[in-house]
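In: Structure for the following, please:
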Amino acid sequence: MKYAQSINEVITQLDDVIDWSKTHQSRIGYFASLYKLMTVAVQQGIINKKFDDGPRMEQLDVIFANRYLDAFYSYSNNKPCTNAWCKAFESCQTNNLVVLQHLILGINTHINLDLAIAAAQTCPGEKIYDLQNDFEKINGVIADTSQKVQNSLSNIWFPLRFLQKIANKREEAVLNFSITASRKASWANAVALALVQGTAHSNYINLMDAKVVDIGNRIMKPGIAMSFILKPVLLMETKSVKSIIDILNA
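Out: Just a heads-up that it's a prediction; the model follows:
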């Protein structure tokens, strides 16, 4: 793949992934659609000077996005990618997960693995501490965009409203996946990766990858009670992958 060099190029490549997903009726397009919304929101934040350092934020966003794009192209061409992304992409071949589960699988991998690695690459060593404020802001964009998409889906598939109420009472995202907790862990991992080198750096990434896979397994199999609540959502969702991608892009 040709790595993106700007946010505009990231958006163009995400559009390519979305178009490919429509053509192949692939659920990979679900998270790609959400990610495009996130990227556009970050771009608007840079334009509106909401970040401390706009050029640095664009660099972080591009590195961040290229990790996802590289994983997608590697997976679709039968080449190795991180275990976490492999898990998320493989889940797209099953029809027993609701749309929200697919979205959260992508968010899990992107926050808990990719964001920390991208942050450490953007600001290695002690420079990582200068990034913390903007790091929190980009995490906020992810959380806000995810919530807006969840609200939109709940207007289409009514049972999702009930699921959302349960989740909000626990101050978590649905399916036992807490974006708040993930944001804290991601920053701690970013600092650790920025300060370690060599084999220790690679080993740390491998540990992160394994942890993300474990969380992914729990998102896919959230337990008997949550699975029971998800069942009517699954039954009421349209079976047209293309239609769902269009809804997420609307």
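
In: Quick check: chain neighbours aside, which residue is closest to the most centrally placed residue in the chain?
Out: Centroid-nearest residue in the chain: residue 107, 2.5 Å away (criterion: C-alpha atoms, centre = their mean). Nearest in space to residue 107, with sequence neighbours left out and distances taken as C-beta to C-beta, 6 or more residues apart in numbering, is residue 146 at 6.1 Å. Using the backbone N, CA and C atoms, a C-beta is placed for each residue, glycine as well.

In: ok, that neighbour - contacts?
Out: Residue 146 sits next to 34, 103, 107, 173, 179 when contact means C-beta atoms under 8 Å, 6 or more residues apart in numbering.

In: Tell me which helix or strand comes right after the worst-scoring helix or strand of the chain on mean pLDDT.
Out: Using mean pLDDT, DSSP states H and E, helix 159-169 stands out as the lowest-scoring helix or strand of the chain, at a mean of 61. Helices and strands here follow DSSP states H and E; after helix 159-169, the next one along the chain is helix 179-195.

In: just checking, what packs against the helix or strand just after that following helix?
Out: Using DSSP H and E, the helix or strand that follows helix 179-195 in sequence is helix 198-220. Judged by 3 or more C-beta pairs under 8 Å, 6 or more residues apart in numbering; DSSP states H and E, the packing partners of helix 198-220 are helix 83-91, helix 99-109, helix 116-122, helix 179-195.

In: how about 7 Å then?
Out: Packing partners of helix 198-220 (3 or more C-beta pairs under 7 Å, 6 or more residues apart in numbering; DSSP states H and E): helix 83-91, helix 99-109, helix 179-195.

In: Mind listing residues that contact the longest one?
Out: Helix 179-195 is touched from outside by 111-112, 115-117, 119-120, 123-125, 128, 132, 135, 139, 143, 146, 173, 201, 204, 208, with contacts defined as C-beta atoms under 7 Å, 6 or more residues apart in numbering.
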